[in-house]
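Novice: Here is a sequence together with a model predicted from it:
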Amino acid sequence: MIYGQKETAFRHQKFTVLNREKIMADIDAYKDKFSESGRRILEVALDESKRRDQNYVSIEHILHAIANEETELFNATMRDLAVDPRSVKLLI
């Protein structure tokens with residue numbers, strides 16, 4: 001890697017970290033709008049986003065959180081949609 005590429009990679013990494021901190025701060029402002037269950041889902045989704053080294057929360061992160069935190073709700077919803085819950089868990 002040449003100097004310019006290292007500098008660009010460092011700037012991108014720094015931006016990602018700063019961006020993630022801004023997202024976290026923005027989400028903290030809305031946490032009181034959620035129920036206890038909703039806050040737990042949001043926290044798990046954020047943790048999953050961090051674990052995947054991503055600077056955003058997407059439907060995959062939220063589905064992962066619901067599948068792990070509200071298993072019965074997740075399974076019932078997937079069955080209502082005629083989808084196998086185990087297949088969805090494997091895909092996310």
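Specialist: Happy to help now that I have it. The model shown is predicted, which means the values in this text are computed figures rather than measured ones.
Novice: Which positions in the strand or helix carrying residue 72 come out as buried?
Specialist: Secondary structure from DSSP states H and E places residue 72 in helix 71-80. The neighbour-count check on helix 71-80 (16 or more other Cβ atoms under 10 Å) flags 74-75, 77-78 as buried. All C-beta atoms are positioned from the backbone trio N, CA, C, and that covers glycine.
Novice: again, but for stretch 77-92
Specialist: Buried, per 16+ other Cβ under 10 Å, within stretch 77-92: 77-78, 85, 88-89, 92.
Novice: From these, which one has the minimum pLDDT?
Specialist: Within the buried residues of stretch 77-92, residue 92 has the lowest pLDDT, namely 85.
Novice: in this protein, what spans have low per-residue confidence?
Specialist: Applying pLDDT under 70 to the chain flags residues 1-28.
Novice: Start from the N-terminal end of it and give the helices.
Specialist: Counting by DSSP state H, the chain has helices at residues 3-28, 36-51, 59-69, 71-80, 85-91.
Novice: Any chance you could list what contacts the third one?
Specialist: It refers to helix 59-69. 37, 40-46, 48-49, 52, 54, 73-74, 85, 88-89, 92 (Cβ atoms under 8 Å, 6 or more residues apart in numbering).
Novice: Please repeat the previous calculation with a cut-off of 7 Å.
Specialist: Helix 59-69 is contacted by residues 40-41, 44-45, 48-49, 73-74, 88-89, 92 when judged by Cβ atoms under 7 Å, 6 or more residues apart in numbering.
Novice: one step back: which pair in the buried residues of helix 71-80 spans the largest distance?
Specialist: Within the buried residues of helix 71-80, 75 and 77 form the most distant pair, 7.3 Å apart (Cβ to Cβ).
Novice: Setting the sequence-adjacent residues aside, check what's closest to residue 41.
Specialist: Excluding its sequence neighbours, the residue lying closest to residue 41 (Cβ to Cβ, 6 or more residues apart in numbering) is residue 65, at 4.6 Å.
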